[in-house]
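Visitor: What would the 3D arrangement of this be:
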Amino acid sequence: MNQTLALLPASNPFARGYDNLHIERLLLITYENNYPPCFRPLHDSQVHLPDDELQLFPCIFNDDFALINEGQSVPDELNECCQSTGLVRQVIYAVMGEMLNERHHVGDLYSLEDAQAVIRRVSFETGHYSRTWEISTAHVTEEALRYLKHRAGYFDSSPTGLLFEPFVLKDCNGIGCKLIGTPWTDDNLVKIEDCSYSSLRQEQLDAGTPAALVNVLYMAALADVRLLIFDPDAAVLDGLAIYDAEQSI
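Guide: Residues are numbered from 1 along each chain as shown. A predicted model of the protein is given here:
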């Protein structure tokens, strides 16, 4: 891993909300005395069963799935795969999501309708909680601000070709960046640019982009931010590096 990347914060302060919110129906199963309950999905052959034909029914299960074995026909080959027996105490609708490509358990509900309502409340139609940020100019060096103003058109109006395009906000003395092709994960960049993030990063550095700016843009783009505005009057973002006014790389 690039040494500078290794120095970035362990958590990303730009990360907000969840991607790929979805619902998983699970069975809460109790079995044997003094063992904690476990959660298992139904086997595909029984996913059509309604909740009232699952709850408080005996079941067989393994590490991967469970099967109701009372009032249901279970093929011998599946029966042989399940070495444990238990009782379904509750049907759970688990809301799951992803953040920065990591899987997260958002919460458990007890009906499909309640789980669907939670997803509607915590997501927008775009699937993103927020894609525009305004942060303090203290998060970049003076060198980086000069670079952004230069690239934004004071002296050079040509596109950067580096998956970000600066623009000036003259009335507030701020400057923004339009981030392109987010999130800047290896998987996504290979699809759209046929390159990894390490290659994009090196290209940005080779083009003269200050490392402090490259680091901030990466953190924002990884969280799928599309517009990032640096304003001297904006608040600082907890967890993000702060530079002295006269500090340069």
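
Visitor: mind listing what the strand ranked longest in the chain pairs with, with the direction of each?
Guide: Taking DSSP state E as the criterion, the chain has its longest strand at strand 84-99. Taking DSSP bridges as the criterion, strand 84-99 pairs within the sheet with strand 19-30 (antiparallel), strand 58-61 (antiparallel), strand 102-109 (antiparallel).

Visitor: which parts of the second one are buried?
Guide: By neighbour count on 16 or more other CB atoms under 10 Å, the buried set for strand 58-61 is 59-61. From N, CA and C alone the C-beta is placed, and that goes for glycine too.

Visitor: Name the stretch among the strands paired with strand 84-99 that sits most buried.
Guide: The highest average neighbour count among those, using mean count of other CB atoms under 10 Å, belongs to strand 58-61 at a mean of 22.

Visitor: okay, now the domains of this structure?
Guide: 19-122, 130-231 (automatic domain parsing).

Visitor: what distance separates the start and the end of the first one?
Guide: Right, the one you point to is domain 19-122. 10 Å (CA to CA, to the nearest Å).

Visitor: just how off-centre is that domain within its chain?
Guide: Here domain 19-122 is found 24 Å from its chain centre; the criterion is CA atoms, centre = their mean, to the nearest Å.

Visitor: Averaged pLDDT, that domain. What do you get?
Guide: Mean pLDDT, computed over domain 19-122, is 93.

Visitor: try the last one
Guide: Confidence over domain 130-231, taken as the mean pLDDT, stands at 90.

Visitor: Next up, phi/psi of Leu169, please.
Guide: phi -110, psi 90 (degrees, to the nearest 10).

Visitor: Also the one 4 residues further on?
Guide: Note on Asn173: backbone dihedrals following degrees, to the nearest 10 are phi 60, psi 30.

Visitor: So it sits against Pro232, correct?
Guide: Yes: under the criterion of CB atoms under 8 Å, Asn173 makes contact with Pro232 at 6.0 Å.

Visitor: which residues do those two both contact?
Guide: Counting by CB atoms under 8 Å, 6 or more residues apart in numbering, Asn173 and Pro232 have no shared contacts at all.

Visitor: ok, back up a step: flag every buried residue along the longest strand of the chain.
Guide: Counting neighbours by 16+ other CB under 10 Å, strand 84-99 gives 84, 86, 88, 90-91, 93-97, 99 as buried.

Visitor: ok so, going back, which of the buried residues of strand 58-61 lies closest to Leu213?
Guide: Phe61 (52.5 Å; CB to CB).

Visitor: okay but the closest one is in contact with Ile29, surely?
Guide: Yes: when contacts are counted by CB under 8 Å, Phe61 is listed as touching Ile29 (6.2 Å).

Visitor: where do the contact lists of these two overlap?
Guide: Joint contacts of Phe61 and Ile29 (CB under 8 Å, 6+ apart) are 38, 40, 86.

Visitor: quick one: which of these is nearest Asn188?
Guide: Out of the shared contacts of Phe61 and Ile29, the member with the shortest distance to Asn188 (by CB to CB) is Arg40, at 32.7 Å.
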